[in-house]
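Student: model the following, please.
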Amino acid sequence: MFYEKKLLQRGIISVHDNIVVGVSGGPDSMALLHYFIRIKNKYKLTISVAHINHHTRADENEKEKLMIIDYCKTNKIPYYIGDFRKQSGSNFHEAARNFRYNFFIEIANKVSANKIALAHHQDDQVETILFKISRGNHLGGYVGMREVIDLDNNLKIIRPLLNFTKSEIIDYCAKNNVSYAIDSSNFSNKYTRNSIRNKIVPLFKEIQPDFNNKIIQFHEQLNEVNDYLAVNAKILIKEMIISNEKDRIILDLNKLKKTHVTLIRVILLNVVNQLTKAKFNLTYEKFKNLFNIIFNQKPNITFNLGKNMYCIKAYDRLCFRIGLDHIKKYEIVVNEFKNYQLPNGMIIDVKKVKEKAKINNKTLILCYNSTVWPLVIRTRQNGDYIQTKIGKKKVNRIFIDAKIPINLRVSWPLLVDKYGKVIWVIGIQKPDIEPFHNNEQLIKIQVLN
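Tutor: Residues are numbered from 1 along each chain as shown. Take a look at the predicted model:
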């Protein structure tokens, strides 16, 4: 029934696979386990079973566990049991799902498996898509479940039954005398998924008897579009990334603005998930906020995406980062010739030189004899200005003209004399004066990074 040739052709199973089968005890997973045992020798498969006892239905959970253990012993299949107990205040379904997947991966690594087989079927797929539509999601989220998912460490999740209906699976169990348990909680409409299964889907099937296939067609077309967007987004991201670090990714905002809005959605989701190394839920509302930031005229905006993830717009750059810098104001006395490590990460080198060297925005030459020593490196204070040929210019205006992001201004270093007069907005602007004289000992102050 399960068309092993098609499973082989689609790469769902291969000869010599080492497979961990997630078995709940229901007809779907028991049918899948029975099928793998049946073809085990033919394709030289190694089979193990992983079962989770959720401890939610007392005797039912225990009976399911014992049934699976007995079945595995009879068929000489190694089995592993995990115990999940709900923690107060947690979302049961989300916590249980995370526990299951982590347990399956743990067992797969333990037995050196290359695949984890789950028994999701076509009816599950329909329910999943309807569930996601009811809650709202991004385009990729509406796609539903995939037959094959690549995990790390050469491990895949496979869903061999995804093209088969529940009724076909029940028929398989009946024809092959496969024992299974019925989860009584499936009949309760307390949970959204059960309401969709027991109430919503039957109503749709009254309108359209071929409803399952229509949803699957919808799923396949969305999947094709999503794959196309993912490929193109991956190419564009490489062109847009200005900086890619462990805790932040910075994009070229001008290039991003020229991209179609549908691709922008995929790019932003890709960037966020790169940082978190896990699925991050960018809701429709959060996307709306991000689009507002991208196309807003304001040059500096910070937006909290939740879970310690931030989007920071700074002129022509869009930064996604984990956490925010909390650098306090600082003041460092420069009274020695050495390197000074600043709280914002800059390194400033101060040394004596005998002659004027070639200078740039990262270098300042001062006359040692005429300089009010010691110097001080500090952050901006109210009223700070620098003297230019046409008068005083406020340091804050210098930051704006230089397009320094607001979040960097608080920690940006200024070089001042001991009376507080600004000599240099380090790396940005110097005063329009000649701060050195011939035949005098000079000081070279340089930004090293």
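Student: is it fair to say N189 lies in a helix?
Tutor: No: the assignment for N189, made by DSSP: H, G, I helix; E, B strand; the rest coil, is coil rather than a helix.
Student: any idea which helix or strand comes after the longest helix along the chain?
Tutor: In the chain, assigned by DSSP state H, the helix with the most residues is helix 211-240. Next helix or strand after helix 211-240 toward the C-terminus (DSSP states H and E): strand 241-244.
Student: now that following strand - C-alpha only, CSV.
Tutor: This file holds the C-alpha atoms of strand 241-244, laid out as CSV (Å, rounded to 0.1, in the frame of the first residue of the first chain):
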residue,chain,number,x,y,z
ILE,A,241,24.7,41.9,4.1
ILE,A,242,27.2,44.5,5.2
SER,A,243,28.1,42.7,8.4
ASN,A,244,27.4,39.3,9.7
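Student: mind listing the strands in the stretch 101-250 of the chain by residue range?
Tutor: Taking DSSP state E, counting those that start in this stretch, the strands of the stretch 101-250 of the chain run over residues 115-117, 148-150, 156-158, 241-244, 248-252.
Student: packing partners of the third one?
Tutor: Counting contacts by 3 or more CB pairs under 8 Å, 6 or more residues apart in numbering; DSSP states H and E, the secondary-structure elements packed against strand 156-158 are strand 115-117, strand 148-150. For the C-beta atoms, the positions are set from N, CA and C on the backbone; glycine is no exception.
Student: dump these to CSV, plus distance to V272.
Tutor: Output for these, formatted as CSV (distance: least, CB to CB, whole Å):
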stretch, distance to V272
strand 115-117, 26
strand 148-150, 19
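Student: among those, where is the model least confident on average?
Tutor: Averaging pLDDT over each of these singles out strand 148-150 as the lowest, with a mean of 92.
Student: would you check how far apart N223 and G140 are?
Tutor: From N223 across to G140, the span is 9 Å (CB to CB, to the nearest Å).
Student: could you do N41 as well?
Tutor: Distance from N41 to G140, counting by CB to CB: 39 Å.
Student: more crowded one of those two?
Tutor: Comparing N41 with G140 by other CB atoms under 10 Å, the one with more neighbours is G140, at 18 against 8.
Student: surely the more buried one meets L268?
Tutor: No: when contacts are counted by CB atoms under 8 Å, G140 is not listed as touching L268 (11.8 Å).
Student: and A117, bridged to which residues?
Tutor: Beta bridges link A117 to V21, I158, judged by DSSP bridges.
Student: next up, the contacts around it.
Tutor: Neighbour list for A117: 19-22, 32, 36, 158-160 [criterion: CB atoms under 8 Å, 6 or more residues apart in numbering].
Student: give me whichever of the helices and strands packed on strand 156-158 is most buried.
Tutor: Between those, strand 115-117 has the highest mean count of neighbours, a mean of 24, where neighbours are mean count of other CB atoms under 10 Å.
Student: ok now it, how far from the chain's centre?
Tutor: Chain-centre distance of strand 115-117: 23 Å, with CA atoms, centre = their mean, to the nearest Å.
Student: what separation do you get for the residue nearest the centre of the chain and I235?
Tutor: The centroid of the chain falls nearest to N273 when counting by CA atoms, centre = their mean (1.8 Å). Separation of N273 from I235 (CB to CB): 17 Å.
Student: can you state the direction angle for the longest helix of the chain and strand 248-252?
Tutor: Orientation of helix 211-240 against strand 248-252 (axes from the mean of the first three to the mean of the last three CA atoms, to 10 degrees) gives an angle of 80 degrees.
Student: who does helix 211-240 touch, helix- and strand-wise?
Tutor: So helix 211-240, by 3+ CB pairs under 8 Å, 6+ apart, packs with helix 122-135, helix 139-142, helix 201-207, strand 248-252, helix 253-257, helix 261-276.
Student: so where is the stretch 51-200 of the chain shaky, pLDDT-wise?
Tutor: Applying pLDDT under 70 to the stretch 51-200 of the chain flags the ranges 88-90.
Student: hang on, the earlier thing: in the longest helix of the chain, what counts as buried?
Tutor: Across helix 211-240, burial judged by 16 or more other CB atoms under 10 Å covers 211-212, 215-216, 218-219, 222, 226, 229, 232-233, 236-237, 240.
Student: start and end of stretch 244-259, how far apart?
Tutor: 20 Å (CA to CA, to the nearest Å).
Student: ugh, wrong one, stretch 160-177
Tutor: Start-to-end, stretch 160-177 (CA to CA) is 20 Å.
Student: show me the contact partners of that stretch.
Tutor: 1-2, 7, 12-13, 27-28, 30-32, 34-35, 117, 119-125, 145, 147, 178, 180, 212.
Student: restricted to buried residues, select these in PyMOL.
Tutor: Per 16+ other CB under 10 Å, the buried members of these correspond to this PyMOL selection:
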select buried, resi 2+7+12+13+27+28+30+31+32+34+35+117+119+120+121+122+123+124+125+145+147+178+180+212
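Student: before we move on, back to that, closest to N396 out of the contacts of A117?
Tutor: Distance to N396, by CB to CB, is smallest for R159 among these, at 58.0 Å.
Student: gap between the residue lying closest to that closest one once chain neighbours are set aside and M145?
Tutor: Nearest residue to R159, sequence neighbours excluded (CB to CB, 6 or more residues apart in numbering): H120, at 4.9 Å. Noted for H120: a distance of 6 Å to M145, by CB to CB.
Student: name the residues contacting each of these two.
Tutor: Shared contacts of H120 and M145, defined by CB under 8 Å, 6+ apart, comprise 159, 162.
Student: still on that earlier bit, between the helices and strands packed on strand 156-158, which one is closest to Y385.
Tutor: With CB to CB, the closest approach to Y385 among the helices and strands packed on strand 156-158 belongs to strand 148-150: 57.8 Å.
Student: no further queries at this time; thank you.
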